[in-house]
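Visitor: got a predicted structure plus its sequence, pasted below:
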Amino acid sequence: MAYWLMKSEPDELSIKDLAKLGEARWDGVRNYQARNFIRAMAVDDAFFFYHSSCPEPGIAGIARITAAAYPDPTALDPQSHYFDAKASTEKNPWSAVDVAHVETFSKVLGLGYLKQQSVLAELPLVQKGSRLSVMPVTAEQWAAVLALR
DNA sequence: GCCAACGTTGGC
DNA sequence: GCCAACGTTGGC
């Protein structure tokens, strides 16, 4: 089992939204590096749910993968914000996974706080200029963040 | 709203 | 293949 971190704008999907829904499709990833990580995910992999572009950026909880990567339908939907005119049913370069809520942290672990943790120094999230929205997390990093809850 | 940093596009 | 211009991300 592998560990990951994925960013979501809480205006679009927050950890509370996911808790209410139980399960959701994680779509709209439009970056090849992030997509490759999406494709490497397996059912029951866990990930940190990160809130980005919001008043309190940080890790808000945990979710898990319930369906491995499949073609992202939003790329084919002209009504979607994530529509990609170059994508087709036969050739859709984008992938989505299904996810389920596991845990909402009692407090958001803020980005500034995470940056203070030396054990997380290698995590792209805390590195200057990194905009990667899906990234792998090592077992050591995973355990370290759990201990901060 | 600002802006640094990155990714993508497209001319050559 | 290079690289300038542009668009996007995301913290502040």
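Guide: Arrived safely. Remember, predicted model here, so these are calculated numbers, not experimental data.

Visitor: can we go C-alpha only for contacts and neighbour counts from here?
Guide: Will do.

Visitor: which residues of chain A lie near DNA strand C?
Guide: A:7, A:30, A:52-55, A:57-58, A:111-112, A:131-133 (CA under 7 Å from any atom of the strand).

Visitor: please enumerate the strands of chain A.
Guide: Under the criterion DSSP state E, chain A carries strands at the ranges A:3-8, A:23-26, A:46-51, A:58-71, A:95-110, A:134-137.

Visitor: what's in contact with the last one?
Guide: In this case it means strand A:134-137. A:2-7, A:34-35, A:37-38, A:123-124 (CA atoms under 8 Å, 6 or more residues apart in numbering).

Visitor: can I have the buried ones of those residues as a PyMOL selection?
Guide: For the buried members of the contacts of strand A:134-137, the matching PyMOL selection, counting by 16 or more other CA atoms under 10 Å, is:
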select buried, chain A and resi 2+3+4+5+6+7+34+35+37+38+123+124
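
Visitor: how many residues are close by A:Asp84?
Guide: By the criterion of other CA atoms under 10 Å, A:Asp84 has 18 neighbours.

Visitor: next one, pLDDT for it please.
Guide: A:Asp84 is assigned 90 on the pLDDT scale.

Visitor: need the residues of chain A near DNA strand B, please.
Guide: Counting by CA under 7 Å from any atom of the strand, chain A comes close to DNA strand B at A:31-32, A:128-131.

Visitor: return the member of the residues you listed nearest to DNA strand B.
Guide: Nearest to DNA strand B among those is A:Gly129, at 3.4 Å by CA to the nearest atom of the strand.
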